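Participant: what would the 3D arrangement of this be:
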Amino acid sequence: MDVSTVKRKPHIPKKEKTRTITYRLSEKLVAELENEAMQKGISHNVLMNQIAEKYIQWDRFGDKIGMIPVPKGC
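Facilitator: Below is the predicted model of the structure:
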């Protein structure tokens, strides 16, 4: 996959402090994340931040109290 040809939405940096970290992920998982980011027109970093924020703000609490996802419109 040639990421240099991917068109991305402009990123407006937040004034929030950041820190650089490294995670070891399987090649299959990385490929899926790259594909998702490309489809959304965002960088891998933005996608990972979205995933982490959703987990921290919602998913971890839903798991603890036994919430079950229900599709919209039900």
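Participant: just give me the longest helix of the protein.
Facilitator: Secondary structure of the chain per DSSP state H: the longest helix is helix 27-40.
Participant: which SS class is residue 67?
Facilitator: coil (DSSP: H, G, I helix; E, B strand; the rest coil).
Participant: out of everything not next to it in sequence, what's closest to it?
Facilitator: Among residues not flanking residue 67 along the chain, residue 61 sits closest, at 8.0 Å (CB to CB, 6 or more residues apart in numbering). To be clear about C-beta, it is placed using only N, CA and C from the backbone, and glycine gets the same treatment.
Participant: how close does the one you found get to residue 41?
Facilitator: Counting by CB to CB, to the nearest Å, the separation of residue 61 from residue 41 is 30 Å.
Participant: for residue 51, same thing?
Facilitator: Per CB to CB, residue 51 is found 16 Å from residue 41.
Participant: repeat that for residue 59.
Facilitator: The value you get for residue 59 to residue 41, if CB to CB is used, is 24 Å.
Participant: try residue 19
Facilitator: Counting by CB to CB - residue 19 and residue 41 are separated by 25 Å.
Participant: compare the two (neighbour count), which wins?
Facilitator: Applying other CB atoms under 10 Å to residue 19 and residue 41 shows that residue 41 carries more neighbours, namely 11 against 4.
Participant: next, count neighbours for residue 68.
Facilitator: Residues near residue 68, counting by other CB under 10 Å, number 5.
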